[in-house]
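> pasting the structure only:
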């Protein structure tokens, strides 16, 4: 499930959307992801109801919080967000202050990171009321793993994610990231994960099966090569996205050479 939703009531949707500070003004975010502010109590109530319905009426085994659960360094300037942050900082906050004050900017980034985590944890608690054995994962942009200072660009933190969720799904998308040496880059992600407690055990390295820039499916042989780069470097868990079962993309017979649990390596 995703946190990008639109409420049928357009006026209410605009009111509850994530806000950004751009071009000298605060306005609803113009990002391609139409997200609702996690700081709004009204949003929390609506989203928890949605997940409650999901848990009650669907035989789900878990939830993956998608990559739309982020806030950039220009977001969230929703009135509810500013009000809560100002109550903690004990003073009126002006958007320009974050840009001109690195210390304040770092605190603001960490506050947003924790707010998004708290938001997802409240959803997890709601789901577990009906599905106590459900597992939870959350997508992480690869740059947050390789460059921790990028927390302020996404309000995400790999180390905290490992402590919070059952799985952290790193978006290891070499085509999207336009890396020159895919094998070296993927191996580097695995090495970074090794530096954290439970990094290898709890991290799923998800590669892209479709090249959105070129509007074409990634060749099956290349997918297999990328999977093997991850596994040979010490990664344990792999995934790919997207999958088109009607077109058989990727080719199931080929891709299961690495995706099958019956294949090497055997993890005790």
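Received it, and whenever you're ready, just let me know what you need. All values derive from a computational prediction rather than experimental measurement.
> And the contacts of the worst-scoring helix or strand of the chain on mean pLDDT?
One helix or strand of the chain scores below all others by mean pLDDT, DSSP states H and E: helix 95-100, with a mean of 73. Residues from elsewhere that reach helix 95-100 (C-beta atoms under 8 Å, 6 or more residues apart in numbering): 21, 26, 73, 77, 104, 105, 108. C-beta here means a position set from N, CA and C on the backbone, and glycine is covered the same way.
> How many neighbouring residues does the residue lying closest to the first one once chain neighbours are set aside have?
It refers to residue 21. Leaving aside its sequence neighbours, residue 21 sits nearest to residue 95 (C-beta to C-beta, 6 or more residues apart in numbering; 4.0 Å). Per other C-beta atoms under 10 Å, the neighbour tally for residue 95 reads 16.
> Tell me the helix or strand right after the helix or strand encompassing residue 225.
Secondary structure from DSSP states H and E places residue 225 in helix 220-232. Per DSSP H and E, helix 220-232 leads on to strand 237-241 as the next helix or strand towards the C-terminus.
> Direction included, what does that following strand pair up with?
Take DSSP bridges as the rule and strand 237-241 pairs in its sheet with strand 203-208 (parallel).
> angle of the partner strand against helix 220-232?
Angle of strand 203-208 versus helix 220-232, following axes from the mean of the first three to the mean of the last three C-alpha atoms, to 10 degrees, is 160 degrees.
> Please enumerate residues in contact with strand 203-208?
For strand 203-208, the surrounding residues in contact (C-beta under 8 Å, 6+ apart) are 137, 139, 162, 167-176, 186, 189-190, 193, 218, 223, 226-227, 230, 235, 237-241.
> and what of stretch 172-179?
Stretch 172-179 has contacts (C-beta under 8 Å, 6+ apart) with 142-143, 182, 185-186, 189, 205-208, 211-214, 218, 226, 230.
> Generate a PyMOL selection restricted to the buried subset of those residues.
Buried residues among the contacts of stretch 172-179 (16 or more other C-beta atoms under 10 Å), as a PyMOL selection:
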select buried, resi 142+182+185+186+189+205+206+207+208+211+218+226+230
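> where in the stretch 1-150 of the chain is pLDDT low?
Under the criterion pLDDT under 70, the flagged ranges of the stretch 1-150 of the chain are 1-7, 89-91.
> And the strands in it?
Remark: strands assigned in the stretch 1-150 of the chain by DSSP state E, counting those that start in this stretch are 19-22, 25-28, 62-65, 135-141.
> State the paired neighbours of the second one in the sheet, together with their directions.
Neighbouring strands of strand 25-28 in its sheet, by DSSP bridges, are strand 19-22 (antiparallel).
> residues making contact with the strand it pairs with?
Residues outside strand 19-22 that contact it (C-beta under 8 Å, 6+ apart): 26-31, 37, 72, 74-79, 81, 95.
> Go through those and single out the one with the most neighbours.
residue 76 (27 neighbours).
> Pretty sure that residue sits against residue 113.
No. The pair residue 76 / residue 113 is not scored as a contact, 11.7 Å apart, by C-beta atoms under 8 Å.
> For ChimeraX, write the select line for the buried members of the contacts of helix 95-100.
Buried subset of the contacts of helix 95-100, written as a ChimeraX selection, criterion 16+ other C-beta under 10 Å:
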select :21,73,77,108
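> which ones among the contacts of helix 95-100 are found in helices?
104, 105, 108 (DSSP state H).
> how about residue 162, what does it touch?
Neighbours of residue 162 in contact, by C-beta under 8 Å, 6+ apart: 168, 196, 197, 198, 199, 202, 203.
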